[in-house]
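Visitor: Structure for the following, please:
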Amino acid sequence: MFLLKRKAGLLAGACALLTSGASYAQSSVTLYGWLDGGIQYLTNADGKHSAVNLQSYGNLPTMFGLTGKEDLGGGLAAIFKLEQAFNINDGTPLVPGYEFYRNAYVGLSSPWGTVTMGRQSTVLFDDTLEFDPFYYAAYSGESELIPVTDNYVSSSIKYQSPVFSGVSMKALVASEGVAGNFRSGRVLELGALYRGAALSASAVLRETNGSATGGTVDTSALKRTIGVLDAAYVMGSATVLAGVERQTGDLAPSKTVVWGGGRYQASSAAAFGLGVYQTLSNDPATGNPTLFVVGMTYSLSKRTSMYVNLGYSKNSSHSSQTVYEYEVTPLDGANQFGAMVGMSHTF
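Guide: Purely as a prediction, here's the structure:
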């Protein structure tokens, strides 16, 4: 009986400690993710022949993540995020060698803004993606607007300001940490985003330097600059979007990408999208390709949806614009048509 009472007393004491701790700081951790797969038909899949395949990532990149927040009092909170993308077909990481390719950062949020440190999405990604008519969809202009190397950046510090009259600012700096050469792999970004009742707009400036690591030629003195202006206007169930991006510098061919399109919410379940992306460049390999995309999404429930995406890429003489983003097929002037039917589930 004495042992039972003693154990009960210890349990009550432990509960009291937990309760008193909760009064000092409230914390939460959330597991979330997206699963997406579909069947795709693609012409000139290898540059010459058509193909039908099971494709991971149609409307959403397949991934899982953990995010957490602890209230430190006085409006201050500690935050973190871990995200990993993978192929739903075989379970392998989307990018080999990364345990958390998309995001892996820790930071502090306060009434004066949020500071995060680690590997994280770029300002270019944050403030341009929502102005693409198809957001994350693999059939979109995302690969032209946000090259894969510009989606996320390691060893970075990012600041996001509070919202003032609908406007928020972001700044990011990153470097490879090479002794005596701070500009090696350096990334500098500045962005502004405005959200109004109907009109939204953003502007981003991004500058990257080459690298002095890996035993290769030191290209840290070379630069690439990207500037973006885009806007969206909501009219009832429809949203019209447009933007322009200019890339210059030594590390990649100069080009301009102009895009426009729209989204239409036909009902609570059905939504449609349309996008046209025009690239303009004097570089023969980049050329002047035009990408046309149409898509439809139908929600089966709050978390599950079906989709159909159609794309057609009209290439100039030596350009290789593909329908499926980030594809590296050497089309060399050949046009390409793609169609994908799939399902997405969020949790």
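Visitor: what's the neighbour count on residue 171?
Guide: By other C-beta atoms under 10 Å, 15 other residues sit near residue 171. Glycine gets a C-beta too; all of them are placed from N, C-alpha and C.
Visitor: go on, residue 100?
Guide: The burial count for residue 100: 19, using other C-beta under 10 Å.
Visitor: That one against residue 119, yeah?
Guide: Yes - if you go by C-beta atoms under 8 Å, residue 100 and residue 119 touch, sitting 7.0 Å apart.
Visitor: Need the CA coordinates for whichever helix or strand residue 242 is part of. CSV is fine.
Guide: According to DSSP states H and E, residue 242 maps onto strand 238-249. The C-alpha coordinates for strand 238-249 follow below in CSV (Å, rounded to 0.1, in the frame of the first residue of the first chain):
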residue,chain,number,x,y,z
ALA,A,238,-11.1,34.0,-61.7
THR,A,239,-7.5,35.1,-61.2
VAL,A,240,-5.4,36.7,-64.0
LEU,A,241,-1.6,36.4,-63.7
ALA,A,242,1.3,37.9,-65.6
GLY,A,243,5.0,38.5,-65.2
VAL,A,244,8.4,39.1,-66.7
GLU,A,245,11.9,37.8,-65.7
ARG,A,246,15.3,38.9,-67.0
GLN,A,247,18.5,36.8,-66.5
THR,A,248,21.9,38.3,-67.2
GLY,A,249,25.6,37.7,-66.3
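Visitor: can you give me the helices for the stretch 51-200 of the chain?
Guide: 123-128, 142-145 (DSSP state H, counting those that start in this stretch).
Visitor: deepest of these, which one?
Guide: helix 123-128 (a mean of 24; mean count of other C-beta atoms under 10 Å).
Visitor: quick one: contacts of that one?
Guide: For helix 123-128, contacts defined as C-beta atoms under 8 Å, 6 or more residues apart in numbering pick out 145-146, 150-152, 158, 170-172, 189-193, 202-204, 206, 226, 228, 230, 243, 245.
Visitor: Counting by contacts, list what the strand holding residue 242 packs against.
Guide: strand 223-235, strand 255-265 (3 or more C-beta pairs under 8 Å, 6 or more residues apart in numbering; DSSP states H and E).
Visitor: burial of residue 282, as a residue count?
Guide: Neighbours of residue 282 using other C-beta under 10 Å come to 10.
Visitor: surely it meets residue 248?
Guide: No - counting by C-beta under 8 Å, residue 248 is not a contact partner of residue 282; they are 11.8 Å apart.
Visitor: Could you name every residue contacting both of those two?
Guide: residue 254.
Visitor: What mean pLDDT does the helix or strand containing residue 206 get?
Guide: Element membership for residue 206 (DSSP H and E) is strand 199-209. Throughout strand 199-209, pLDDT has a mean value of 97.
Visitor: How about stretch 270-286?
Guide: Averaged across stretch 270-286, pLDDT comes to 96.
Visitor: can you offset everything so residue one is 781?
Guide: Got it, the first residue is 781 from now on, which makes the last one we talked about stretch 1050-1066.
Visitor: how far is it from where the chain is centred?
Guide: 18 Å (C-alpha atoms, centre = their mean, to the nearest Å).
Visitor: repeat for stretch 1050-1067
Guide: For stretch 1050-1067, the distance to the chain centre is 18 Å (C-alpha atoms, centre = their mean).
Visitor: and the longest strand for this protein?
Guide: In the chain, with assignment by DSSP state E, the single longest strand is strand 807-822.
Visitor: Residue 979: neighbour count?
Guide: 12.
Visitor: That one contacts residue 1019, correct?
Guide: No - between residue 979 and residue 1019 there is no contact under C-beta under 8 Å: 10.7 Å.
Visitor: Give the residues shared as contacts by the two.
Guide: Common neighbours of residue 979 and residue 1019 (C-beta under 8 Å, 6+ apart) are 1012-1013.
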